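Colleague: predicted structure and sequence below. I'll ask about it afterward.
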Amino acid sequence: MEALAHPRQRRKEARPAELTAAALELFVEKGFAGSRLDDVAARAGVSKGTLYLYFDSKEALFKAVIQEGIVPILEAGAGMVDSFTGGSADLLRGVILEWWKRIGATSLAGVPKLMISEAGNFPELAAYYNDTVIIRGRELLRRILQRGIARGEFRAVDVETAIDVIFAPVLMMLVWRYSLGACGCGSHDPATYLRTHLDLALNGLAVAKEQT
């Protein structure tokens, strides 16, 4: 009964995944600067010494959060692009909706806002996030757009600018959720928002009928 009453009571051992989950919660709630290793250990219900068996710094914890939480999703997206045989509009829609399902609708959605807030104070972490997540995410969208253009499904747009324009509204929804939205200043229904965004984006990319 005592264990049920104190679900976060200290335990002797914890798997690394439990520690990174606790770290993610704290990073999103308090920011990177405002989170301490002591807090992470307490949230996971272990001693600080146990935490140090796996991670020697907050930076190592942050990198583990990215490697365990976001990198596999990017890899899955790349695999989806490699194997997809349908139209490029369906591929783009599928990748963005899957990204939302696995990141946007989870606690990982707080990471982009965290990086926007903390990048200036932690440039090395910002560089790591850029190299590990942003560059790979852009490459994923680049491949989809280039595929669509090569197949005559998308107009010959400026691909690098189109990447920004397509992803910016999704990023804005995440930032809003963890800033003004968290204070009750309006809200968006994700399904309606994404459906509207994809409708506008894909119609903008589509080749005009008279050109087909």
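Modeller: Sure thing, it's come through. These numbers were taken from a predicted model, which means no experiment stands behind them. Residues are numbered from 1 along each chain as shown.

Colleague: those helices in the chain, which residues are they?
Modeller: 2-5, 16-34, 37-44, 48-52, 58-69, 71-83, 88-99, 110-118, 123-129, 135-150, 159-177, 190-205 (DSSP state H).

Colleague: tilt between the second one and helix 110-118?
Modeller: Okay, so that is helix 16-34. 30 degrees (axes from the mean of the first three to the mean of the last three Cα atoms, to 10 degrees).

Colleague: which strands and helices lie in contact with helix 16-34?
Modeller: Judged by 3 or more Cβ pairs under 8 Å, 6 or more residues apart in numbering; DSSP states H and E, the packing partners of helix 16-34 are helix 37-44, helix 58-69, helix 110-118. (C-beta placed from N, C-alpha, C; glycine too.)

Colleague: so can I have JSON lines of those showing mean pLDDT and distance to Gly94?
Modeller: Shown next, in JSON lines, are these (pLDDT from 0 to 100; distance: least, Cβ to Cβ, whole Å):
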{"stretch": "helix 37-44", "mean pLDDT": "93", "distance to Gly94": "35"}
{"stretch": "helix 58-69", "mean pLDDT": "95", "distance to Gly94": "20"}
{"stretch": "helix 110-118", "mean pLDDT": "92", "distance to Gly94": "21"}
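
Colleague: for Ala22, grab the count of nearby residues.
Modeller: Neighbouring residues of Ala22 were enumerated by other Cβ atoms under 10 Å; the total is 23.

Colleague: show me what contacts it?
Modeller: Val40, Ala41, Arg43, Ala44 (Cβ atoms under 8 Å, 6 or more residues apart in numbering).

Colleague: quick one: which of those residues is nearest to Leu141?
Modeller: Val40 (33.0 Å; Cβ to Cβ).
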